[in-house]
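A.B. asks: no sequence on this one, just coordinates:
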């Protein structure tokens, strides 16, 4: 894939939600909540200040992040669904358990 977001935007591959409840009940597609977790696939160069300096991004490719339920714009690139959003829409980076 050859795509680079501009400025302070990121390209996120949205991770799918659970298919079953803790009790084993299968959740139909129409009842699933919109996913709020994803993996950063590409990042822009960063926002610019009024005097032209670049503010570096806090996230990097490979980070797993949490974002608002209705954040971003959904796009399809090479047949895969992604979400493009500003870095400010990301609430945090989730740490994986080792």
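C.D. replies: Cool, the structure landed. Not measured: the values here are computed from a predicted model. Numbers count the residues shown, from 1 in each chain.
A.B. asks: Quick one: low-confidence residue ranges for this structure.
C.D. replies: The model of the chain has pLDDT under 70 over residues 1, 17-35, 96-98.
A.B. asks: Need the nearest residue in space to the spatially most central residue of the chain, chain neighbours excluded.
C.D. replies: Centroid-nearest residue in the chain, with Cα atoms, centre = their mean: residue 12, separated by 3.4 Å. Counting by Cβ to Cβ, 6 or more residues apart in numbering, residue 12 lies nearest to residue 38, which is 3.9 Å off, once chain neighbours are set aside. In this view, the C-beta of every residue, glycine as well, is placed from N, C-alpha and C.
A.B. asks: Next one: the one you found relative to residue 54, how far apart?
C.D. replies: 24 Å (Cβ to Cβ, to the nearest Å).
A.B. asks: Residue 92 now?
C.D. replies: 22 Å.
A.B. asks: measure the residue nearest to residue 93 when sequence neighbours are not counted to residue 76 for me?
C.D. replies: Nearest non-adjacent residue to residue 93, counting by Cβ to Cβ, 6+ apart: residue 63, 5.0 Å away. Residue 63 is 22 Å from residue 76, where distance means Cβ to Cβ.
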